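# show me how the following folds:
(chains A and B)
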There are 2 protein chains.
Amino acid sequence: MPTPEKALIAEIRRGVTRAKNSAIRTGIGDDCAILRLPSASKKSVDTLITTDFTLENVHFRRNWHSPESVGHRCLTRGLSDIAAMGGDPFAAFLSLALPRDVSQSWVRRFISSLLALAQKYSVTLAGGDTAESPSGILADIVVLGTVPRGKALLRSGARQGDHIYVSGKLGGSAAAVLAMQKKPDRKLNLRDYPRHFFPDPRIELGRTLRQRNLASAMIDTSDGLSTDLAHICEESSVGAELESDAIPRASVGKPVHEVDLSLALHGGEDYELLFTAPRGKRIPSQIAGIPITQIGHITRRPGIFLTDPDGVRLKLRPQGWEHFRKA
Amino acid sequence: MPTPEKALIAEIRRGVTRAKNSAIRTGIGDDCAILRLPSASKKSVDTLITTDFTLENVHFRRNWHSPESVGHRCLTRGLSDIAAMGGDPFAAFLSLALPRDVSQSWVRRFISSLLALAQKYSVTLAGGDTAESPSGILADIVVLGTVPRGKALLRSGARQGDHIYVSGKLGGSAAAVLAMQKKPDRKLNLRDYPRHFFPDPRIELGRTLRQRNLASAMIDTSDGLSTDLAHICEESSVGAELESDAIPRASVGKPVHEVDLSLALHGGEDYELLFTAPRGKRIPSQIAGIPITQIGHITRRPGIFLTDPDGVRLKLRPQGWEHFRKA
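Presented below is the predicted three-dimensional model:
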């Protein structure tokens, strides 16, 4: 009987065959993958690379998340980082360590879902590593992408006076975590919390912002608005003013309701794009089908401040998103 | 007080600053690292990429391995894969998940050792991911390298009649594991088992074999001779005949003694290079200071056979190296 590890390798090989990509010369079956990168052609590009862990009981729980959700979210973590640079992803590498109690069917469903998302964005799963895990499922996803030379959208480009925008709505992913923590034995309906279980990376939006030269700085909201905006402010040496009324809050659950402001401000893993743009730029209210909302502006003075509808202005401290640590 | 995770990021930032590399535009501090790959220049190259886990209680034990040894071995795993393709490494990415019981000093010593090895081979640590681990130290190293276009030494190039060679001596790393398993409370003297605690990747040897066009197929001995030769045979659709007398056995311990043949055949993590070369090629007995030994030849008929000095010929089954699984 094949072990989960062998089943995994077989699934990956099948996936690699399905998603042939001329940039990948040798995928699985040698010491390294060989990439003939687009930069070898005449077009001058920079290569983007990002790595992200997906750890059981840190980023997901086996009784809360289906293998399909875990596989989808695992790859989204990497794709979203490429989107946040305005890049085009082209290859992924998956390192997966499995404990002995994981079934072949779990692995098959995990990989199928990951590969379906990869295929949607023409990303080839080109290699990785497998190991036996001493405890819990451990995945590390590496995603490679390209961007025209010198055109990557950095965190460091925000300037005083720039407007601050966010795509989609915030807090929907954290709301699912809260709901699961409250009733650990009840399975959530995935459709009530789509941004948590199957978040779509904002690849097309990121690419459009870069192509049209609209954004001055960008990051994805993986750690939550307050933390991710603090990253932009730190790397750009600026501060920010936000209007609490303007923060777009996700609608979740059944009956459908808007999440609390605190979840929209601090909840992570929404994988939306947070970006700044010079005041004069006209930013459409929708790009690539995704609503775009202005939520504040950049200041020269450091610190992030939030003003409520009554005019009360408070310092907003980054509250790092800690996944299920406290669960 | 800074957490181990923050200490890690600080150490990595320092390391990145120390090892400036013109190919790396933005390392830590953005969503992705940006690489301006050598292929963007006139020289046409392929890019190599490899990922390898280093998991506590699978690949190392905290009471057996110093943080310096763990850091060194973690990067060697990736560098050795680049060596096995005949490539030149240039960048590494480290994903590290730490449990709460790891001290800042452990992290500092781990990173310092990893960075020292990186610097030796002009490799820039260009990014990665950090997380809190639910249990045990978890590292995943990604190494990138280059090789002139189409010149990577693959596992699939072995042909009938080719001679089989191995660098250095085998079984020394597994001998250390055996010794530690026998006396779990005794600290081994690192100098008695250098190939286990501080294995040097065979970068220069791999590059020389590729430059002089000497090898037809190559792999590194990370899983042990019997398993790694089986990989070459499988990918090349050939078999092999080995002479047991010719297998170079490591000298280890105190008093110094040669390891048993079974360790040299099946013990993993020696990170030597195993390669084949057409019969007519003259292979020096030493390359880049490393002894090279002919241990057998490639056959058309599948299967790997071992002949002892008395002429007894036995089928050699790959016995996968399972690290400390049985410990």
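
# gap between A:Ser80 and A:Leu96?
Note on A:Ser80: its distance to A:Leu96, by Cβ to Cβ, to the nearest Å, is 20 Å. Heads up, the C-betas are built off the backbone N, CA and C, glycines and all.

# so chain A: which segments form each domain?
A:4-148, A:155-315 (automatic domain parsing).

# confidence-wise, which of these is weakest overall?
Mean pLDDT values for these show the minimum at domain A:4-148, a mean of 85.

# wait, isn't A:Leu35 in contact with A:Phe93?
No: checked against Cβ atoms under 8 Å, the pair A:Leu35 and A:Phe93 is beyond contact range at 10.3 Å.

# report the set of residues contacting both of the two.
Shared contacts of A:Leu35 and A:Phe93, defined by Cβ atoms under 8 Å, 6 or more residues apart in numbering or on different chains, are found at A:Ala126, B:Ile49.

# that older thread, the more surrounded of A:Ser80 and A:Leu96?
Comparing A:Ser80 with A:Leu96 by other Cβ atoms under 10 Å in any protein chain shown, the one with more neighbours is A:Ser80, at 30 against 27.

# how about that one, secondary structure?
Under DSSP: H, G, I helix; E, B strand; the rest coil, the three-state class of A:Ser80 is helix.

# how about the helices in the stretch 101-250 of chain A?
Chain-ordered helices for the stretch 101-250 of chain A, with DSSP state H, counting those that start in this stretch as the definition, fall at A:104-120, A:172-182, A:194-197, A:203-211, A:225-236.

# which residues does the closest residue to A:Gln160 other than its chain neighbours contact?
In space, not counting the residues next to it along the chain, A:Gln160 is nearest to A:Arg300; the distance is 4.3 Å by Cβ to Cβ, 6 or more residues apart in numbering or on different chains. Applying Cβ under 8 Å, 6+ apart to A:Arg300 gives the contacts A:Gln160, A:Val238, A:Gly239.

# just the domains of chain A: most buried one?
Per residue and on average, the most neighbours among these fall to domain A:4-148, with a mean of 22 (mean count of other Cβ atoms under 10 Å in any protein chain shown).

# hang on, the earlier thing: from the contacts of A:Arg300, which is closest to B:Tyr193?
Top of the list for closeness to B:Tyr193, among the contacts of A:Arg300 and by Cβ to Cβ, is A:Val238 at 53.4 Å.

# next up, the contacts around the closest one.
A:Val238 sits next to A:Ala158, A:Arg159, A:Gln160, A:Ile232, A:Ile298, A:Thr299, A:Arg300, A:Pro302 when contact means Cβ under 8 Å, 6+ apart.

# can I assume the third one is in contact with A:Thr299?
Yes: using Cβ under 8 Å, A:Gln160 is in contact with A:Thr299, at 6.3 Å.

# A:Thr263 reaches A:Ala176, doesn't it?
No Thr there; residue A:263 is Leu. No: with contacts defined as Cβ under 8 Å, A:Leu263 does not count as touching A:Ala176, sitting 10.2 Å away.

# up against chain B, what does the stretch 101-250 of chain A have?
By the rule Cβ under 8 Å from any Cβ of the partner chain, the part of the stretch 101-250 of chain A lying against chain B is A:126-129, A:131-136, A:138, A:140, A:142, A:144-145, A:147, A:149, A:152, A:154-156, A:219-220, A:235.

# measure A:Ser216 to A:Ala91 for me?
29 Å.

# try A:Glu241
When Cβ to Cβ is applied, the distance between A:Glu241 and A:Ala91 equals 40 Å.

# one more: A:Glu235?
Remark: distance between A:Glu235 and A:Ala91 (Cβ to Cβ) = 27 Å.

# do the same with A:Gly78
10 Å.

# overlap in contacts, these two.
Shared contacts of A:Gly78 and A:Ala91 (Cβ under 8 Å, 6+ apart): A:Val143.

# A:Arg279 is in contact with A:Gly161, isn't it?
Yes: using Cβ under 8 Å, A:Arg279 is in contact with A:Gly161, at 5.1 Å.

# helix, strand or coil for A:Phe305?
Taking three-state DSSP as the rule, one finds A:Phe305 in the strand state.

# please tell me how far it sits from A:Arg313.
Counting by Cβ to Cβ, the gap from A:Phe305 to A:Arg313 is 5 Å.

# identify the contacts common to the two.
Contact with both A:Phe305 and A:Arg313 is made by no residue, according to Cβ under 8 Å, 6+ apart.

# can you give me how far stretch A:198-218 is from the chain middle?
Put simply, stretch A:198-218 sits 12 Å off its chain's centre (Cα atoms, centre = their mean, to the nearest Å).

# can you check stretch A:49-58 too?
On the basis of Cα atoms, centre = their mean, stretch A:49-58 is displaced by 11 Å from the centre of the chain it belongs to.

# do the same with stretch A:156-176
Here stretch A:156-176 is found 13 Å from its chain centre; the criterion is Cα atoms, centre = their mean.

# also stretch A:257-273?
Its chain's C-alpha centre lies 14 Å from the corresponding centre of stretch A:257-273 when counted by Cα atoms, centre = their mean.

# start and end of it, how far apart?
Across stretch A:257-273, the terminal residues are separated by 23 Å (Cα to Cα, to the nearest Å).

# and if you look at stretch A:163-180?
First-to-last distance for stretch A:163-180 - Cα to Cα - comes to 35 Å.

# pull the distance from stretch A:272-283 to the chain's centre.
Centroid separation for stretch A:272-283 versus its chain: 19 Å, with Cα atoms, centre = their mean.

# same question for stretch A:129-145.
Its chain's C-alpha centre and that of stretch A:129-145 lie 17 Å apart, by Cα atoms, centre = their mean.

# hang on, the earlier thing: quick one: common contacting residues for A:Arg279 and A:Gly161?
By Cβ under 8 Å, 6+ apart, the residues touching both A:Arg279 and A:Gly161 are A:His297.

# would you map the strands across the stretch 1-150 of chain A?
For the stretch 1-150 of chain A, the strands defined by DSSP state E, counting those that start in this stretch cover A:24-26, A:33-35, A:45-55, A:88-98, A:124-132, A:138-148.

# out of those, which is closest to B:Phe60?
In this view, the strands of the stretch 1-150 of chain A are compared for proximity to B:Phe60 by Cβ to Cβ, and strand A:124-132 is the closest at 12.5 Å.
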